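Undergrad: Dropping the sequence and predicted coords here.
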Amino acid sequence: MFVNNNPETTGSQNEGLETISPYEISVTEPVSVDEIIVLDLFQSLPLDQAPQIDDVPTLPPSFAAVEQESHRRNVLGGVIPRAGTEAHVIGVPSSNPLSPPKQMPRNILYPIVDLKNRLLGRITEKERSSEAESRIGEALKEYSRLDPSIAMTKLASSYNGLTSTQVSERLLQYGPNLISSVKPPTWYKLLFQAIVHPFNILLTILAVISVTNGDPYTCSVMLIMVVLSSALRFFQEMKSTKAFTSLRELVKTHVTVIRRNDGTAATITDSAKSSTLEIPLEEVVPGDIVSLSAGDLFPGDVRLLESKDLFVSQSALTGEFMPVEKLAAIPSQAASSVFDAQNICLMSTNVVSGLGVGIVLSTGDNTYISTISTILSSSRSMPSNAFEKGIRRVSYLLLLFMVIMVPIVIVVSGFVTKDWKGAAFFGISVAVGLTPEMLPMILNANLARGATEMARKKTIVKRLDAIQNMGAMDVLCSDKTGTLTQDEVVLMKYLDSHGDTSIPVLKHAYLNSTFQTGLKNLLDHAVINYGNSVDLGSSFAITDYKKIDELPFDFVRRRMSVILERGGKYSLICKGAMEELLEICSKVREAPLPDHEDDNIVPMTPEYRNRLLVRCEEMNADGLRVLAVASRELFPSGEFSSDYKFNVEADERDLTFHGFLAFLDPPKESVPLAIQDFSKYGVTVKVLTGDNLPVAKKVCRDVGIDTQNVITGPQLEALSSEEFHETVERCTLFAKLTPIQKLDIVNSLKSQNHTVGFLGDGINDALALRGADVGISVESGTNIAKDASDIILLEKSLQVVTTAIIRGRITHGNTIKYIKMAASSNFGNVFSILIASAWLPFVPMLPLQLLVQNLLYDFSQIAIPWDTVDEEFLLDPHPWKAKSIGRFMLFLGPTSSVFDMFTFSIMWFYFGWQDPDTRDQFYFQTGWFIEGLLTQTLIVHMIRTEKLPFIQRNATWPVILGTTLVVAAGIIIPYTPLGYMLSMEALPGRYFPFLVCVLVGYFSLTQCIKYMYIKLFKEWL
């Protein structure tokens, strides 16, 4: 891990870093107590007017008392030196230029205030965020032009970090390092949303109308329904939110920070007692000093203090996939954009390669990305995937029915009954019945249920709608290392150019792996572990070597180098991929000739290079991963200068090839079975790896993946666009890929109507993880990979992925069955109500009865997330198909209307319930209340399965219990005091044989239509 606590130290591991050294302050003259306030006022000055060192006042010897008083007055945050000593940084900053202006606390009244502001057309979230973006962007650009010592002064920090006391104070002041738009909603917001709902608003309006018409019973029932509906919705939403939040807590991103020990005098230049800690990202505060290396996420907006070949990906904010170089130096001219500020790194961006140290300027809602997140969360412009689009289309379709049909129902009913007031009342109730008010709650409960079940199977869901995409996935792109293999790399061979075991090759590899301070991978650990196991250190003194610099690994060069000094001699030792390293080698080290002590150095001819490549391919064919080792002597004339800046172009050239390192990472025993499972469930596996082709082919063959069609990254680059898409569709193994090529393959598959999952855990997988329909990483993966993914596996196993696919399909099945049931039921009710309004001299059901029926029906659907699906349904991927929902609605919707008309006819002609001026209409309305409720409630058993319900397939007990209770309640209500309040009549016993006939006929016809539908369209749900 890269840490440099003393920038003045030379010859250390961090030497050669581009360092902006902090300053020292000498106190020579005392000042009055009042002058202390000047230090705090500096923070309110424009940055270009910040004080220089000579401007900083000094303090009298009696500083201790003054320090306590200044802390009480909250004027801490500047450099407040003790007399005759170096400057001390204490306390918390009294203000942060990146902090927003003081606003009303977001307390329990916030939703009401926010609603009022929106209704009155006051400033919107987008406008507020635009202003914040401009303010934060300008402050960051000013910080980029500020000397780092002044920046630390303004943040009341030091080069040695903050103390635990300071951290605690800042956590209280700024809060956890979380962005509001991704925080779970508070309970009072959920309660407010549950109460202020269209269903409740309409009920409240009807209740007011009822009480003004002298009908307190109706008003009371409606208000009770409002309370029950709100409580039900609030309980389910709160339960879903808690479940999701608890799952997210299982996945933590950690940050490396430098923290100063309490009680230590923290002079800015002192390498005082400090320690390097790994802390959760949420605990980072402004002023923290962070150590950065490849794969790290920036925990906030950061101003670089040191950098070494630091390349940062800003694709999360800009969409630009190519990394940009960041430097700690103060720019010569102001940046036009905050993204162009060379020493500013924004929260959510990540280190691709290189090293650095920075100071955190802002966290949470004071960061630049928070302004973007607020705009995205408030604008809700376009859904991000097909699932959200489909949900929105269904909602709009049902609302469209309501908007079109309700006015027609009011007009027809008004003309027939001549009671326009009652017709309007009835029309509003119909609108309530047609409103899909339970859709959001059912969806959230279903997804939360799926996330909870997946957590029990060692799978953590970060983004809920990824569960549906998991079930729809038909192509899984997977990395090789650690996924198909055991992720336990062992060094098997260390050979010279002739294929003989060579201790010097092992020694050079050991030095390279030991002294590099970037992201050590499994190969580095394998080299170090093997060297320690054979007591390699006994053959040479590693303490004789001193690291001068390093050229970090990147995925283009595919190699890394360290520059070491020993006894006044300097050398560069390079380790990397075979082909890439041979490109920069001009000589080969061979074993000493007989009677010669010195190594035999020969030129690297094309023939020699080909011979080395053939030897490498032979080892690759045996499943061994091969790296090469080379070196170069630097400054042979002794002209080395400490100001020299090492770089790839000038120093990684004319190397001498030493030999090979061969590693074995055997395939997992469980992978062949998992590959068979993927085939069983209709998922094609494609391997995307940066490794070379022979090794990847050997592993794929061993685990049962077809290797007939394979290709490498360089070959892909030569293809045209059409050839590229065709090749991506055909091939199952892609080797020697760059991170961008992995993303290109994912995008190509998506463009060909595949739902693509990507499984990876490395830095080079981050782009593909973010671009896939569902990104899957593992808990042990790099921070950037986990941040880019939608799902985290607690166990690095393909069998866990199979389990997640099954759970995703169950969740999708339960979601789609509710949507199709709601759509077809509402479609059928539209026709039944329209026909009844034109036929009957009275409304077919009183508004209050219609509302109670709707509430009971909603209650029966709550158990759907706990239902199962057919085993046959699980065998195939199920992408979202909006056309399928419309087709299903047109086929099944009119079925219920047929039996509604049959029920109307029986009650009109057989029972003679025709007179609007007698109790006949109440008998009629009660009869349709029961028939409509039972058919709507029991239809879930018909829709949930392709088979014959109750005989071939049964629902789970929560679904059976829910529907049974609602059916029983619907039949019993007319015989209770509640039935009297609802103007219902106790139906004669001879009504129920007709009801049984209706239900049997309805189920039989629905089953026939089901078989026809499946035969025509080859699907049901």
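TA: All right, it came through fine. Numbers count the residues shown, from 1 in each chain.
Undergrad: buried ones in the one helix or strand Asn512 maps to?
TA: For Asn512, the element it lies in under DSSP states H and E is helix 503-515. By neighbour count with 16 or more other C-beta atoms under 10 Å, helix 503-515 contains the buried residues Pro504, Val505, Leu506, Lys507, His508, Ala509, Tyr510, Leu511, Asn512, Ser513, Thr514, Phe515. Where you see a C-beta, it was placed from the backbone N, CA and C, and this is true even at glycine.
Undergrad: Name the helix or strand of this structure that has the lowest mean pLDDT.
TA: Taking mean pLDDT, DSSP states H and E as the measure, the helix or strand of the chain with the lowest value is helix 36-41, at a mean of 30.
Undergrad: Quick check: the gap between the residue positioned nearest the centre of the chain and Val774.
TA: Nearest to the mean C-alpha position of the chain, by C-alpha atoms, centre = their mean, lies Asp790 at 4.5 Å. For Asp790, the distance to Val774 (C-beta to C-beta, to the nearest Å) stands at 5 Å.
Undergrad: who touches both of those two?
TA: Ala466, Asn469 (C-beta atoms under 8 Å, 6 or more residues apart in numbering).
Undergrad: which residues of the stretch 901-1021 of the chain score low on pLDDT?
TA: Of all residues in the stretch 901-1021 of the chain, none has pLDDT under 70.
Undergrad: tell me what the helix holding Asn512 is packed against?
TA: strand 490-496, helix 522-533, strand 559-566, strand 569-577, strand 624-634, strand 655-664 (3 or more C-beta pairs under 8 Å, 6 or more residues apart in numbering; DSSP states H and E).
Undergrad: For the shortest one, give me every contacting residue.
TA: It refers to strand 490-496. 501-506, 509, 526-527, 529-530, 589-591, 619, 624, 658-665.
Undergrad: what angle sits between it and strand 655-664?
TA: On the basis of axes from the mean of the first three to the mean of the last three C-alpha atoms, to 10 degrees, strand 490-496 is oriented at 150 degrees to strand 655-664.
Undergrad: Dump the helices and strands packed on helix 503-515 into a markdown table; add distance to Gln921 as well.
TA: As requested, the helices and strands packed on helix 503-515 are exported to a markdown table (distance: least, C-beta to C-beta, whole Å):
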| stretch | distance to Gln921 |
| --- | --- |
| strand 490-496 | 85 |
| helix 522-533 | 79 |
| strand 559-566 | 86 |
| strand 569-577 | 85 |
| strand 624-634 | 83 |
| strand 655-664 | 84 |
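Undergrad: closest one to Ser353 among those?
TA: In terms of C-beta to C-beta, the element of the helices and strands packed on helix 503-515 nearest to Ser353 is strand 559-566, at 8.9 Å.
Undergrad: what distance separates the closest one from the middle of the whole chain?
TA: Offset of strand 559-566 from its chain centre (C-alpha atoms, centre = their mean, to the nearest Å): 38 Å.
Undergrad: and if you look at stretch 134-145?
TA: That offset, for stretch 134-145, works out to 28 Å (C-alpha atoms, centre = their mean).
Undergrad: Figure out which of the helices and strands packed on helix 503-515 is closest to Ala156.
TA: Ala156 sits nearest to strand 559-566 of all these, at 36.8 Å, using C-beta to C-beta.
Undergrad: after the lengthiest helix in the chain, next one along is what?
TA: Identified as the longest helix of the chain according to DSSP state H is helix 798-839. Remark: after helix 798-839, the chain's next helix or strand is helix 847-860, criterion DSSP H and E.
Undergrad: just how off-centre is that following helix within its chain?
TA: Distance, stretch centre to chain centre, for helix 847-860: 38 Å (C-alpha atoms, centre = their mean).
Undergrad: So which bits of the helix or strand just after that helix are buried?
TA: Next helix or strand after helix 847-860 toward the C-terminus (DSSP H and E): helix 882-905. Residues 884-885, 887-889, 891-893, 895-897, 899-900, 902-904 are the ones in helix 882-905 that count as buried (16+ other C-beta under 10 Å).
Undergrad: Tell me how far Val409 lies from Asn829.
TA: From Val409 over to Asn829 (counting by C-beta to C-beta), the distance is 11 Å.
Undergrad: That should have said Ala768, apologies.
TA: Relative to Asn829, and taking C-beta to C-beta, Ala768 is found at 46 Å.
Undergrad: Equivalent analysis for Ser538, please.
TA: 86 Å.
Undergrad: who has more neighbours, the two?
TA: Relative neighbour count places Asn829 above the other of Ser538 and Asn829, with 23 against 7, counting by other C-beta atoms under 10 Å.
Undergrad: ok so, going back, Arg615 is nearest to which of the helices and strands packed on helix 503-515?
TA: Short answer: strand 655-664, nearest of these by C-beta to C-beta, at 7.2 Å.
Undergrad: Adding pLDDT and distance to Met1012, write the buried residues of helix 503-515 out as TSV.
TA: TSV is the format used below for the buried residues of helix 503-515 (pLDDT from 0 to 100; distance: C-beta to C-beta, whole Å):
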residue	pLDDT	distance to Met1012
Pro504	90	78
Val505	92	73
Leu506	93	73
Lys507	92	76
His508	93	74
Ala509	94	69
Tyr510	93	72
Leu511	93	75
Asn512	92	70
Ser513	91	67
Thr514	89	72
Phe515	89	73
